[in-house]
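Asker: My questions concern the predicted model and sequence given below.
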Amino acid sequence: MSGSPEPLATFCGNCNCGCPQLFVDESAPADRRIVITDDFGQRVEMSADQFGSLVEEAKAGRLDAAAAA
């Protein structure tokens, strides 16, 4: 990511372990604008449409089994 955008969300945030975070990189191409980082330094980049699909799946409960694992 260019610059240092503020995270939209931090997942966990109750520690100082480098929690996963969600960013919007406005300078990235549209198909890579949404960025999720993990506490191991890895990144997932996706479009807003792809992220919206992920959010819809989560809202519908179809990801609950993954969260319970």
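Answerer: Done, it's in. This one's a predicted model, so the numbers in the text were calculated from it and none came from an experiment. Numbers count the residues shown, from 1 in each chain.

Asker: Look up phi and psi at residue 37.
Answerer: Reported as degrees, to the nearest 10, the phi and psi values for residue 37 are phi -110, psi 150.

Asker: Give the bridge partners for it, please.
Answerer: Residues in a beta bridge with residue 37, per DSSP bridges, are residue 21, residue 43.

Asker: ok, it to residue 23 distance?
Answerer: For residue 37, the distance to residue 23 equals 7 Å [CB to CB, to the nearest Å]. Every residue, glycine included, has its C-beta placed from N, CA and C.

Asker: Residue 35 now?
Answerer: 4 Å.

Asker: now do residue 69
Answerer: When distance is defined by CB to CB, residue 69 is 25 Å away from residue 23.

Asker: Only the C-alpha atoms, please, for the biggest helix by length in the chain, written as PDB.
Answerer: Secondary structure assigned by DSSP state H gives helix 48-59 as the longest helix of the chain. Extracted C-alpha coordinates of helix 48-59, given in PDB (Å, rounded to 0.1, in the frame of the first residue of the first chain):
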ATOM      1  CA  ALA A  48     -14.900  -4.200  -3.700                       C
ATOM      2  CA  ASP A  49     -17.300  -6.600  -5.500                       C
ATOM      3  CA  GLN A  50     -15.300  -9.700  -4.200                       C
ATOM      4  CA  PHE A  51     -15.200  -8.200  -0.700                       C
ATOM      5  CA  GLY A  52     -19.000  -7.500  -0.900                       C
ATOM      6  CA  SER A  53     -19.600 -11.100  -1.800                       C
ATOM      7  CA  LEU A  54     -17.500 -12.200   1.200                       C
ATOM      8  CA  VAL A  55     -19.500  -9.900   3.500                       C
ATOM      9  CA  GLU A  56     -22.800 -11.300   2.100                       C
ATOM     10  CA  GLU A  57     -21.600 -14.900   2.700                       C
ATOM     11  CA  ALA A  58     -20.700 -14.000   6.300                       C
ATOM     12  CA  LYS A  59     -24.000 -12.200   6.900                       C
END
